[in-house]
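K.L.:
okay, predicted coordinates and the sequence, questions at the end:
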Amino acid sequence: MDLPDCLIATACRVALYQSLPKRLAWPHCSHTAEDLEAAAVARADPFGGRHDIGYPPDVLIQAARGLSIYWALTARDLSALSTVLAASWTSLGITAGQRVAFYDYATSPMVVFSSRAYVPHLAAGAADILRCLPICNDGLPDLADRCVHILEYVRPSVLFIDAELMNPLLRALDSRRVRTIAQVVVTADEHPVGSKQIREWGTLLGVKVRQALRADAALFVAPPCAIESMTFHPIEDAYRIEVLSSDPEKVLTDEVGRIAISNLAIKSSVVIRYVTDFEGMIREGPCKCGRAGRRLIVTDVG
Amino acid sequence: MSAESESREYFDEGETILPEMLAEGRWNAINTLVDHAYHALPFYKTLWNAQGFAPEASMDAVAFQKVPLTRKRDLVEALMKGRSVMIGTEALLGFAPSNLVMTSGTMGFNSFAVVTDYDLDGPSALAQSRELWMIKVRAGMRVLSLSPAWHALGLQESRAITRIGAVPILPWGTLTLRFAGDILTAVQLLRPQHLLVTARAARMLLGECDRLKLDPRRAFASVRYMGCAGESLSPAFRSYLTTRFELEDIFERGGSSDGMFGGGECLAHRGHHISADVHYIEIVDPNTGATLQAGQRGTAVVTNLSLGRSVYIRFDTEDVAEIVPGDCPCGRTHPVVEFYGRLADCVVLPDRIITPADVRCLLDDFECTRFRPFSIDWKPTEGLQVHIGGDIEKGLVERAEIERVCETRLAVPVAILAGEVERAGWKEERIRRIH
């Protein structure tokens, strides 16, 4: 799939894309988290060679948990990302006036771009755009009781939760004999949860549990299809999604491969063909849910 | 960072406004607030009616003291009874609520509050911007900030950083041990000039440096200033942090998610300047409820002077504090308040309050007990029994002298004992009352 010319042009200005190892089967600019770390070390560059120095940053944020790479983002980028997040929320059915709770760290992209009060220099977060009321617990497992407290008294319409916190939450709900009425949206950075697990959680909670696809090192989030399991609808204007061979030395022999993401929303950090840890396929044309555009079907789960 | 930005002392002219003008503004605001609360905020109307209080025509210092204190338990009871986050303290003035925040839950039950953009960009951002400016945060400066999103002061900090124009650094996670490595790495790679952390996090970062055999002066070479929240710093600990991180200055920060107010130290390090045009702080005797004079310890009672948020009116934070008497050499006219810890962790005697911070200060003056974790038992018949954790073989060689100094300064019998105590820091150091 062709990338926009402007993105190709920025690749010429940004160090990472000049220094990547050659891979026979992967297209130009494809890179992994390991490539980012290697570039960071080789160039002593905490941004992994992705920062376009033409854009002085307003905010520096660690790109992903366990990855010592940082985003250098301008206020404009923050706004662009919250617009993307708001579009994802809309796909999830979140509307004005609803209360939205988070059981995640304040530095998670699912949280950061949700409120102008959560990160400096953000003009309007997703909740501000959609006129929702957010509340954030922290992301520590031992704060599960407090999350239950939020569910009990705030009664949010939606709870966004990191997948690793589901079991602590379930235990806390059980021990306090509380049930939630919130729709639960699970996310897991580059390690999507299988549909069986999602169904099990839904059964245990007695509410709708869904999953949004997330790849923090590309600032990527995609809402789930309302009908098709493990199918996600990336925001078309914000991302280009491609399938690459699982082995960078071999050409793609079938439709399934590793998912590469280019981020079209941000300017100050350049993300071209970030190769995620998950595999899947891409389908064009109308989806059963009625949405048009490209959709991503994840085929492997941890 | 411009030279002007670096050298300008005050964030705004309001910081040096004449005390008479501050007082006039305060009573005007309180008149509006009390009237609004009585007529439009069900929580206060119910609370005050139950205690037979109705506002007088005009509020002054005497009349205001008749306004019943709001206790944490009042908020918790209202929340439990209504089973809703909206308990009738929300003075939103028609502004849409923008965020829900939580208290720290010191009663084992978190209450909630509502904020609006009107407040976050207005009075609260002003107070927080003054605080950050006071502790040397400047435009263009890289500032490591990991403020939690559940805490009102975290939200205010975020808006204040925006207002000042500093560049925040946000490592992954939160200020706990599991993220010490992420924070340390961010400091080394992104080279902030300022750290906004907790005292506990500062200890944790030093521990991480020690574990990795890193010299903190090198790892933190870019850092000039540290804003340290969460506990009262002993002079020895302050000096220790300054030396080990090789800081130009360290500033204590303090405040409360209960009451949604805070303040930082100026260069004089006498306590926390609280913006008196945003919050009114009284110190109240925990036994009698009487308002105390400057220099006397009691609990901090806060009244938020601006609407457009959940408001706290004569809210007893149950934090031990005193207003520091005298003018501040920095020239700011806003009161300086020193915080010492939670009342529940202290010994309240008829004539004074002994806090864990008092004991901490004294212990930190002796090498064998310096910075060691401790716990304290208070027995009315025997006095304080201070259990010192750590390596007892090396420690406590100065026991008699420590006991003598403690007894002299605290005016109660003190026994220093070796104990199995592992946790240090304000929120872990408590005085357990044994009857």
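P.N.:
Nice, thanks for sending it over. The structure displayed is predicted, hence computed values, not measured ones.

K.L.:
assign residue B:205 to helix, strand or coil.
P.N.:
The three-state assignment at residue B:205 reads helix, by DSSP: H, G, I helix; E, B strand; the rest coil.

K.L.:
the residue of the stretch 201-302 of chain A found nearest chain B: how many residues sit nearby?
P.N.:
The nearest approach of the stretch 201-302 of chain A to chain B comes at residue A:216, 9.1 Å away (Cβ to the nearest Cβ). Where you see a C-beta, it was placed from the backbone N, CA and C, and this is true even at glycine. Residues within reach of residue A:216, counting by other Cβ atoms under 10 Å in any protein chain shown, total 25.

K.L.:
can you check residue B:295 too?
P.N.:
11.

K.L.:
ok, the closest residue to it other than its chain neighbours to residue A:42 distance?
P.N.:
Counting by Cβ to Cβ, 6 or more residues apart in numbering or on different chains, the nearest residue to residue B:295 once its immediate chain neighbours are dropped is residue B:325, at 4.5 Å. Relative to residue A:42, residue B:325 is positioned 59 Å away (Cβ to Cβ, to the nearest Å).

K.L.:
can you tell me, leaving aside adjacent residues, what's nearest to the residue of the stretch 201-302 of chain A closest to chain B?
P.N.:
Nearest one to residue A:216, counting by Cβ to Cβ, 6+ apart, is residue A:64 at 3.8 Å.

K.L.:
what's near enough to touch that neighbour?
P.N.:
A:33, A:189, A:216-217, B:172 (Cβ atoms under 8 Å, 6 or more residues apart in numbering or on different chains).

K.L.:
got a list of what residue B:223 touches?
P.N.:
Contacts of residue B:223 (Cβ under 8 Å, 6+ apart): B:187, B:192-195, B:245, B:247.

K.L.:
give me the secondary structure label for it.
P.N.:
coil.

K.L.:
now for the top strand by length along chain A, which elements pack on it?
P.N.:
In chain A, with assignment by DSSP state E, the single longest strand is strand A:271-283. The helices and strands touching strand A:271-283, judged by 3 or more Cβ pairs under 8 Å, 6 or more residues apart in numbering or on different chains; DSSP states H and E, are helix A:5-13, strand A:209-215, strand A:239-244, strand A:257-263, strand A:295-298.

K.L.:
adjacent strands (with direction) for the second one?
P.N.:
Taking DSSP bridges as the criterion, strand A:209-215 sits next to strand A:183-189 (parallel), strand A:220-222 (antiparallel) in its sheet.

K.L.:
ditto for the fourth one
P.N.:
Note on strand A:257-263: by DSSP bridges, its sheet partners are strand A:239-244 (antiparallel), strand A:271-283 (antiparallel).

K.L.:
let's have these in CSV, adding mean neighbour count and mean pLDDT.
P.N.:
Compiled in CSV, those are given as follows (neighbours: other Cβ atoms under 10 Å in any protein chain shown; pLDDT from 0 to 100):
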stretch, mean neighbour count, mean pLDDT
strand A:239-244, 20, 96
strand A:271-283, 21, 96
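
K.L.:
hmm, residue A:244 and residue A:281 touching each other?
P.N.:
No. In terms of Cβ atoms under 8 Å, residue A:281 does not count as a neighbour of residue A:244; the distance is 11.6 Å.

K.L.:
mutual contacts of these two, please.
P.N.:
residue A:257.

K.L.:
re the thing from before, for the helices and strands packed on strand A:271-283, give me a markdown table that also has distance to residue B:314.
P.N.:
What follows is those, written out as a markdown table (distance: least, Cβ to Cβ, whole Å):
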| stretch | distance to residue B:314 |
| --- | --- |
| helix A:5-13 | 57 |
| strand A:209-215 | 45 |
| strand A:239-244 | 53 |
| strand A:257-263 | 51 |
| strand A:295-298 | 56 |
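
K.L.:
list the buried residues for the helix or strand where residue A:84 lies?
P.N.:
Residue A:84 is part of helix A:75-91, with elements assigned from DSSP states H and E. Across helix A:75-91, burial judged by 16 or more other Cβ atoms under 10 Å in any protein chain shown covers A:75-89, A:91.
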